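>>> Quick one, structure for this:
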Amino acid sequence: MITAVQTIQNIFSRHERLSTASLAVILIAAMLGMGLISLASLNDKATKGYLLNKLEEERQELVTDGEVTDMMTLYARSIINIEDSVSGRMYKADEGDITYVLPVTAVAAK
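Numbering: from 1, shown residues only. Next comes the predicted model:
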């Protein structure tokens with residue numbers, strides 16, 4: 001590092017006219033380099049922000065779809081819906097169709 005500084009000082013001290021022009025070129029090149037780096041960094045941040053917003057919107061849509069699906073599942077499992085769907089296939093038995101088994105006794109005994 002020290003040798004590089006000494007080399008630069010030697011170049012500037014030998015040719016003063018060259019040193020002023022070289023300094024101007026180095027400053028302009030440094031400014032352009034920093035500008036390009038900052039532009040690339042800002043572009044990368046903007047791209048990531050756009051992607052993040054897009055993914056957040058997609059997530060919100062999926063959450064909404066999941067909530068609708070849960071509501072439809074809860075409705076399908078509700079007792080009112082089950083009674084309505086079963087009542088069309090079931091009918092009340094007549095007195096002659098009912099048989100009671102009496103008396104109730106234990107089958108297995110010691």
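>>> Dump the C-alpha coordinates for stretch 47-67 into CSV.
Provided in CSV are the C-alpha atoms of stretch 47-67 (Å, rounded to 0.1, in the frame of the first residue of the first chain):
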residue,chain,number,x,y,z
THR,A,47,-36.7,-5.0,-8.6
LYS,A,48,-36.8,-6.7,-5.2
GLY,A,49,-39.5,-4.3,-4.0
TYR,A,50,-41.6,-5.0,-7.1
LEU,A,51,-41.2,-8.7,-6.6
LEU,A,52,-42.1,-8.4,-2.9
ASN,A,53,-45.3,-6.5,-3.7
LYS,A,54,-46.3,-9.0,-6.3
LEU,A,55,-45.7,-11.9,-3.9
GLU,A,56,-47.7,-10.2,-1.1
GLU,A,57,-50.6,-9.7,-3.5
GLU,A,58,-50.5,-13.3,-4.5
ARG,A,59,-50.3,-14.4,-0.8
GLN,A,60,-53.3,-12.2,0.0
GLU,A,61,-55.3,-13.8,-2.8
LEU,A,62,-54.4,-17.3,-1.5
VAL,A,63,-55.4,-16.4,2.0
THR,A,64,-58.8,-15.1,0.8
ASP,A,65,-59.3,-18.3,-1.3
GLY,A,66,-58.4,-20.4,1.8
GLU,A,67,-60.9,-18.5,3.9
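>>> for it, the distance to its chain's centre please.
6 Å (Cα atoms, centre = their mean, to the nearest Å).
>>> Give me the helices and strands touching the helix or strand encompassing residue 53, please.
Secondary structure from DSSP states H and E places residue 53 in helix 16-77. On a contact count with 3 or more Cβ pairs under 8 Å, 6 or more residues apart in numbering; DSSP states H and E, helix 16-77 meets helix 2-14. Every C-beta, even on glycine, is put in place using the N, C-alpha and C of the backbone.
>>> What's the mean pLDDT across the helix it packs on?
Helix 2-14 carries an average pLDDT of 69.
>>> Can you name the element that comes right after the helix holding residue 53?
Of the helices and strands lying after helix 16-77 in sequence (DSSP H and E), the nearest is helix 79-87.
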